[in-house]
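Asks: Whatever this is, show me its structure:
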Amino acid sequence: MGTEIGRALRKRGAITWLAAAIAAVAVASDLSLAAFRHGYDAPRIALAAVSVCALALLGRGDRCSLGLTFRLNPSYRYWVRATLLIGAIVGLFCLVAFLLLHAAGVHIPIPATPPDQAVSSVVFACIAAPLLEEAIYRLVFCVPFAAITGTRTTIMLSGAIFAGLHFVYGNPSPDNFIAGFFLAWAYLKSGSIFTPLLLHSLGNACAVAAHIVHWYMTS
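Replies: Sure, this is the predicted structure:
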């Protein structure tokens, strides 16, 4: 799969590896902050902002290389269909995983969100989380690694690290286990950070809705 992501860092020697080092430090630092702080506070926001700015400087401000464009490859219609298909795949995966885990006697708790917390939950899950996590685990991480390792390896690495982040959060649900792979693929395929950002937000919106429904069912 060809991609515009990371093109400004290809074959630039030390600059490319410096960008990869910045990405590795950003990811490791964010994982550490997430483990001990459990929120989207100033240190994590500052880390994402500084890392994105550093990468932009190393990439000579090439917006297409960073995916800071609203132009989607191959087309908007393609991504409407892809979104529906990804949603169906993730939903089916979660259903099968929950059934298998239940049969094995493993219980994954489902949060119950009261309706009076719906607005704050939407802001947190559908705006704050996607913005910060896509900035670090897609934009900052995937740009240099796509230039070095190619798209397939980058998708595998980004997806695995993203799954690890949710284990650190204490939220190792089946959807979080596979979501990062789809989000990384969407970023590299579309050439725009706005594609995984929207997918991430929509996925979290579905989760918030499920948590609210669960509150009604258990209250």
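Asks: Now the most centrally placed residue in the chain. Nearest residue, chain neighbours left out?
Replies: Closest residue to the average C-alpha location of the chain: residue 134 at 4.7 Å, with CA atoms, centre = their mean. Leaving aside its sequence neighbours, residue 134 sits nearest to residue 197 (CB to CB, 6 or more residues apart in numbering; 4.8 Å). Heads up, the C-betas are built off the backbone N, CA and C, glycines and all.
Asks: So the one you found is in contact with residue 129, correct?
Replies: No - here residue 197 does not reach residue 129: they are 10.5 Å apart, not a contact under CB atoms under 8 Å.
Asks: and the two? which has more neighbours close in?
Replies: Using other CB atoms under 10 Å as the criterion, residue 197 and residue 129 rank with residue 197 on top: 22 against 16.
Asks: pLDDT value on that one, please?
Replies: Listed pLDDT for residue 197 reads 97.
Asks: Show residues contacting the helix or strand hosting it.
Replies: Assigned by DSSP states H and E, residue 197 belongs to helix 194-218. Residues outside helix 194-218 that contact it (CB atoms under 8 Å, 6 or more residues apart in numbering): 67, 70, 72, 79, 83, 86-87, 90, 110-115, 118, 121-122, 125-127, 129-131, 133-134, 138, 175, 179, 182-184, 186-187, 189.
Asks: Which residues belonging to it are considered buried?
Replies: The neighbour-count check on helix 194-218 (16 or more other CB atoms under 10 Å) flags 194-201, 203-204, 206-208, 211-212, 215 as buried.
Asks: Please report phi then psi for residue 13.
Replies: Backbone torsions of residue 13, given as degrees, to the nearest 10, read phi 60, psi -120.
Asks: Buried residues, the strand or helix carrying residue 95. List them.
Replies: Using DSSP H and E, residue 95 falls within helix 76-103. For helix 76-103, the neighbour count (16+ other CB under 10 Å) marks 79, 82-83, 86, 90, 94, 97-98 as buried.
Asks: any idea how far the residue nearest to the centre of the chain lies from residue 52?
Replies: Using CB to CB, to the nearest Å, residue 134 is found at 10 Å from residue 52.
Asks: Many thanks, I have nothing further to ask.
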